[in-house]
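Got a predicted structure here, sequence first:
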Number of protein chains: 2
Amino acid sequence: MKPLPLAKLEANESHVEALKALAHLTRLQIFFFLVRARGEAPAGAIQEALGIPGPTLSHHLDLLRRAGLIQSRKEERYIYYSVRREMTSELVRLLTACC
Amino acid sequence: MKPLPLAKLEANESHVEALKALAHLTRLQIFFFLVRARGEAPAGAIQEALGIPGPTLSHHLDLLRRAGLIQSRKEERYIYYSVRREMTSELVRLLTACC
DNA sequence: TCTATATTTTGATAAATATGAAAGTATGAA
DNA sequence: TTCATACTTTCATATTTATCAAAATATAGA
């Protein structure tokens, strides 16, 4: 009696959080900068590339991280950020459900 | 000398508007109600299904419509809403670019 | 005409989010 | 130690967004 593996397009809070995180031009640019970086980039590289003041960038990175879209790793004086694919594909799955 | 048709994942304001429109639990539920409706649904049907006060619903529908995610059509006393696939797949295209 | 229905607009209030200066923390080099 | 770098946190202010009562509009019967 196992349930059919139907595409169960149930929208939940974590989807909302991820969409909220991306629903801001600066954050979308940060996210795509990291996508294009194909790996890690330290906060400073993002700051330089996009010309965002430190505290503002830090705040946006925190939001993206808490939404599960990116992750961070500290090494020496740097904090390296990178994209978390899982959450991105989770969003794609949700949106392609309606095609 | 035509440019290669590369997946040009450039995030722009219309993407932000669409993401903003979806980045709210009530609106995401409205959107998926319309997806599941497989066609049109009058505002009243959405209101009854989700239990949202009229003015609030109206406001959210307006936001989704202005973001290009849904469309409306008036017939007699009813206003029928339905999903606009184009914008949805535009978002999917943007997000799948990074896979 | 009057009344009921379907939905929107207005407008007021509350809540959430964005921004960046200033101060704080952590690390490595001199 | 001290200094410089890399980044974050705190905090105050400004802006945007959410909510829904009340009023408005539009249409279809009776």
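Ah, there it is.

and the helix or strand containing residue A:17, C-alpha only, in CSV?
Per DSSP states H and E: residue A:17 is located in helix A:13-22. Taking Å, rounded to 0.1, in the frame of the first residue of the first chain, the C-alpha atoms of helix A:13-22 are listed here in CSV:
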residue,chain,number,x,y,z
GLU,A,13,8.0,27.7,4.1
SER,A,14,11.4,26.7,3.0
HIS,A,15,10.5,27.3,-0.6
VAL,A,16,9.2,30.7,0.4
GLU,A,17,12.5,31.5,2.2
ALA,A,18,14.5,30.5,-0.8
LEU,A,19,12.4,32.5,-3.2
LYS,A,20,12.5,35.5,-0.8
ALA,A,21,16.3,35.3,-0.7
LEU,A,22,16.4,35.4,-4.5
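
How far does that helix sit from its chain's centre?
9 Å (Cα atoms, centre = their mean, to the nearest Å).

what does it rub up against?
A:27-28, A:31, A:63-64, A:66-69, A:87, A:90-91, A:94, B:19, B:22-25, B:28 (Cβ atoms under 8 Å, 6 or more residues apart in numbering or on different chains). No exception for glycine: its C-beta is placed from N, CA and C like everyone else's.

Go again with 6 Å.
A:28, A:63-64, A:67, A:69, A:87, A:91, A:94, B:19, B:22-23, B:25 (Cβ atoms under 6 Å, 6 or more residues apart in numbering or on different chains).

do stretch A:32-51 as well
A:29-30, A:57, A:78-83, B:11, B:98.

circling back: looking at the contacts of helix A:13-22, which are in helices?
In helices, judged by DSSP state H, the following of these are found: A:28, A:63-64, A:87, A:91, A:94, B:19, B:22, B:25.

Out of those, grab the one that's most surrounded.
residue B:22 (30 neighbours; other Cβ atoms under 10 Å in any protein chain shown).

mind checking which helix or strand of chain A has the lowest mean pLDDT?
Sorted by mean pLDDT, DSSP states H and E, the helices and strands of chain A end with helix A:85-96, the least confident at a mean of 93.

That one relative to helix B:13-22, how many degrees between them?
For helix A:85-96 against helix B:13-22, the angle by axes from the mean of the first three to the mean of the last three Cα atoms, to 10 degrees is 80 degrees.

pLDDT weak spots in chain A?
A:1-9, A:98-99 (pLDDT under 70).

Next to DNA strand D, which bits of it? Give me the list.
A:42-45, A:47, A:54-55, A:57-59, A:61-62, A:72, A:77-79 (Cβ under 7 Å from any atom of the strand).

Burial check on the single nearest residue of chain A relative to DNA strand D, number of neighbours?
When distances are taken as Cβ to the nearest atom of the strand, chain A reaches nearest to DNA strand D at residue A:44, 2.2 Å away. Using other Cβ under 10 Å, residue A:44 is surrounded by 13 other residues.

doesn't it fall inside a helix?
Yes. Assessed by DSSP: H, G, I helix; E, B strand; the rest coil, residue A:44 belongs to a helix.

ok, and does stretch A:75-91 reach over to DNA strand C?
Yes. Shown here: stretch A:75-91 in contact with DNA strand C (Cβ under 7 Å from any atom of the strand) through A:76-77.
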